[in-house]
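# my questions concern the predicted model and sequence given below.
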Amino acid sequence: MKGVAAVLIALLLAPAAQALQYGIHCDGVELINEMGVEDFVNSCYDKRYSIILFNAMPWDYYFQSPTLQSLGWEYGGDLLSLLIQNAHEKGVKVYVDIQTLAWKLRDNYGNPGRTPTTEDVVQIVEELIDYGVDGISEEMFPSEWMAAVYEKCNDYGIPYIHKHIPYDVAWFNGEGSTVFDAYANCSILMTEDYYMNDDLARWEMAAGFAFPFEKKLWIKSCPDDWALGSIENMENVLAFRAVEYNPEYVFAMIYDKETFENFEPSEIGDMVENFTYDDNKPILNVVIYLTHEKEDMDAWQLFDISYSAIANAAEASGYRVFITDKPLEDASAYYVYTRGRMNTTLHLPPSILSLFNQSKPVFFEVAYDLPRGDEWSTVRGYLGINQNEFETLFGTTRILATYEGTSYYHLSNDWYLFNSIESQNVYGEVLSSGKVHGKEYAFIIKNGNFVFINGAGLDGETSYPISNILNDALQQPFQGVASVGKTSVFYAYEDTTLKIKFPYDVESVEYMKRDIDGNVETGKAIYTGEYGCYLERGDLFIMKLILNETIGINITKPRGYLYINDREIMPTEKTVVIGKITIETSTLNIDSINIYINNELKYSGNETRWLFDEAAFGWYEIKAIGHRNDKYCEDVINAFIVNW
């Protein structure tokens, strides 16, 4: 992982937006066989898909593979050669997905044949490269396989996609590796939006790992029957991600001909073309400090469940999430997720302990219990907890809590752990509490800049208090995913009310709402310090924030000097120009500039320097007008110009 400075510089230099490109993922051969290879490729070309991601081995394999033959897998015929030939004639790339290899390893699915080794997987990749594939894709690969495949793909100069599944993170640890080791070994991380609930925020975990690793992030939708039965809803989710992350590619996962014909990828670009991606956000650094021991597998699984709350809270508060194994020096806030203690005490390194000695917000969540001794006594002091004896409670039913008079679910209905810390034993500020088995326990404790989140395996509704603590953004639980920036985007996975305070000085908002049936509503509204609206399940809501920013423009050259052929000679009472002159301006919060000579528009653009080299004799008015959204400002000077 490279230094933080390099990461931040790359982010600042990244383009504000890029042309969105489209890919299609065929998870099997049924769609291609139904349409025929030539018609399928021609239709993909017409629909502007530039990558076909083809699962060449769903159960049978569809390319000549001596390796799979030797393993005893069933051969379904060579479909890949014809697909590559037709696609390449149209300039369409073919990526091959080989995820079934991992299914056979991890779950021993019932397809025939033996489980492959690392050497077998590398040989299969080499066979596919010999076929002429343009990229390799997989999901659920073990870390050892990822490293070997990445090396092979790098040798041949083709990209390698790892399609992130949240519970991957636990598997890696069980294999004696970590997710940080694994994700260093791919070219692209792909977020897969499968289920229309708070899992949508869990899938953002791929983005949290991609950014600090400087990996590309691509986005893939679920098929329409998983997307509330709506093709338009597939488009809504992909449009949400396009505004949220500005990916190079979005992929549609399509199984059948009807969906293929009805799904138009260009609809996504049309929806988001007027909304600018905002990459200049502060960073919430989620620091994962576990061990390589297999007992930490449960801690990773609990983190997987908690991530809905963490990611959505950060995004709703205008932050980007960077997931690292060590704190980033230049982060704006920290969320430390650590194991605590199971059978032995986990000692916190100085890099984490030092976070408690600075002024930035630090959230602290442990996957098991708070140990009693060593540096943990100091940690409990920082967090305002004076209780030494407590037990770790386990459950599988959501726990209701109250934050500032509002009820929300703090812990999930998957499974969770929390420490039985009674509110009466806390001298910090108890922000959230709830009753379990007749006793009241503290769930969120704040002491200065430090916030303790009691429990691992958080419910998605815990986004509300975490976001509210970060910057008072969400005003109540929101049943959806949110990403706040100068362009803000919200998606509702249940009927819900959005109430939000933007962490910017906002004058007004322009918005577009698109429902699950594709109906679009647009409008403008004055911002009065809080924005509220009702969203139905499947609604996509994009808002462009018009900020109350001071804007300004000033003509700095020519001004108060004698200039000869663009050179400043001497100060004068009147501005005098002999020969050509570069008109220079200084600006504040300006998007575009117009320059007028005697009220005639001569330049329009965003450069602050423009050369005037036209025949002139006499007094001329030079006017510069700066524009930002619907606002403008201007500066005017008069100069005596002689140029021939």
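Sure thing, it's come through. Residues are numbered from 1 along each chain as shown.
# when you work out contacts or count neighbours from here on, use the C-alpha atoms and nothing else.
Fine.
# tabulate the CA atom coordinates of stretch 133-144 in CSV.
These are the backbone C-alpha positions of stretch 133-144, laid out as CSV (Å, rounded to 0.1, in the frame of the first residue of the first chain):
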residue,chain,number,x,y,z
VAL,A,133,-9.6,-13.2,-23.7
ASP,A,134,-9.2,-9.6,-22.7
GLY,A,135,-9.6,-10.1,-19.0
ILE,A,136,-10.2,-12.5,-16.1
SER,A,137,-12.9,-12.3,-13.5
GLU,A,138,-13.7,-14.3,-10.4
GLU,A,139,-15.3,-14.2,-6.9
MET,A,140,-14.6,-16.0,-3.7
PHE,A,141,-11.0,-17.0,-4.7
PRO,A,142,-8.7,-17.8,-1.8
SER,A,143,-5.8,-15.4,-1.4
GLU,A,144,-3.3,-17.9,-2.7
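# for stretch 61-81, how far is the first residue from the last?
13 Å (Cα to Cα, to the nearest Å).
# tell me how far it lies from the chain's centre.
37 Å (Cα atoms, centre = their mean, to the nearest Å).
# buried set for that stretch?
Buried positions in stretch 61-81, judged by neighbour count with 16 or more other Cα atoms under 10 Å: Y61, Y62, F63, Q64, S65, T67, L68, W73, E74, Y75, L79, L80.
# show me what contacts the fifth one?
Right, S65. I124, E127 (Cα atoms under 8 Å, 6 or more residues apart in numbering).
# mind listing the helices for the stretch 101-250 of the chain?
Ranges of helices within the stretch 101-250 of the chain are 118-131, 143-156, 168-174, 179-183, 199-202, 205-213, 231-245, based on DSSP state H, counting those that start in this stretch.
# what's near enough to touch G485?
D278, K281, G318.
# excluding chain neighbours, what is closest to C26?
F54 (5.1 Å; Cα to Cα, 6 or more residues apart in numbering).
# quick one: low-confidence ranges for the stretch 201-350 of the chain?
342-343 (pLDDT under 70).
# so where do the strands sit in it?
Along the stretch 201-350 of the chain, the segments classed as strands by DSSP state E, counting those that start in this stretch run 216-221, 249-253, 283-289, 320-324, 333-338.
# one step back: right, and out of the buried residues of stretch 61-81, which lies closest to E151?
Checking the buried residues of stretch 61-81 against E151 with Cα to Cα, the nearest one is T67 at 19.1 Å.
# please name every helix or strand in contact with the helix or strand containing that closest one.
Applying DSSP states H and E as the criterion places T67 in helix 66-71. With contacts taken as 3 or more Cα pairs under 8 Å, 6 or more residues apart in numbering; DSSP states H and E, helix 66-71 sits against helix 118-131.
# report the buried residues of the helix it packs on.
For helix 118-131, by 16+ other Cα under 10 Å, it's D120, V121, V122, Q123, I124, V125, E126, E127, L128, I129.
# quick one, domains of the protein?
With domains defined by automatic domain parsing, the chain comprises 19-272, 283-471, 480-547, 552-643.
# any idea of the mean pLDDT in the third one?
Mean per-residue pLDDT for domain 480-547: 94.
# for stretch 613-630, same thing?
The average pLDDT within stretch 613-630 is 92.
# again with stretch 555-572
Mean pLDDT, stretch 555-572: 93.
# returning to what we had before: reformat the strands of the stretch 201-350 of the chain as TSV; add mean neighbour count and distance to K574.
Below are those laid out as TSV (neighbours: other Cα atoms under 10 Å; distance: least, Cα to Cα, whole Å):
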stretch	mean neighbour count	distance to K574
strand 216-221	24	55
strand 249-253	24	56
strand 283-289	24	50
strand 320-324	25	51
strand 333-338	24	53
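# P159: which of the ones you listed is closest?
Of these, the one closest to P159 (Cα to Cα) turns out to be strand 216-221, at 10.3 Å.
# quick one: strands adjacent to that closest one?
Here strand 216-221 has these sheet partners by DSSP bridges: strand 188-193 (parallel), strand 249-253 (parallel).
# tally of neighbours for the residue nearest to F541 when sequence neighbours are not counted?
Among residues not flanking F541 along the chain, K513 sits closest, at 4.5 Å (Cα to Cα, 6+ apart). Residues lying near K513 (other Cα atoms under 10 Å) number 20.
# with the one 4 residues further on instead?
Counted with other Cα under 10 Å, the burial measure for D517 works out to 13 neighbours.
# how about it, what does it touch?
Contacts of D517 by Cα under 8 Å, 6+ apart are S230, E232, N233.
# most neighbours among the residues you listed, which one?
Counting neighbours by other Cα under 10 Å, the top entry in the contacts of D517 is N233, with 27 neighbours.
# skipping its backbone neighbours, what lies nearest that residue in space?
I516 (5.1 Å).
# could you check which helix or strand contains the one you found?
Using DSSP H and E, I516 is not contained in any helix or strand.
# coming back round to it: of all the strands of the stretch 201-350 of the chain, which one is nearest N274?
With Cα to Cα as the measure, strand 249-253 is the member of the strands of the stretch 201-350 of the chain nearest N274 (17.7 Å).
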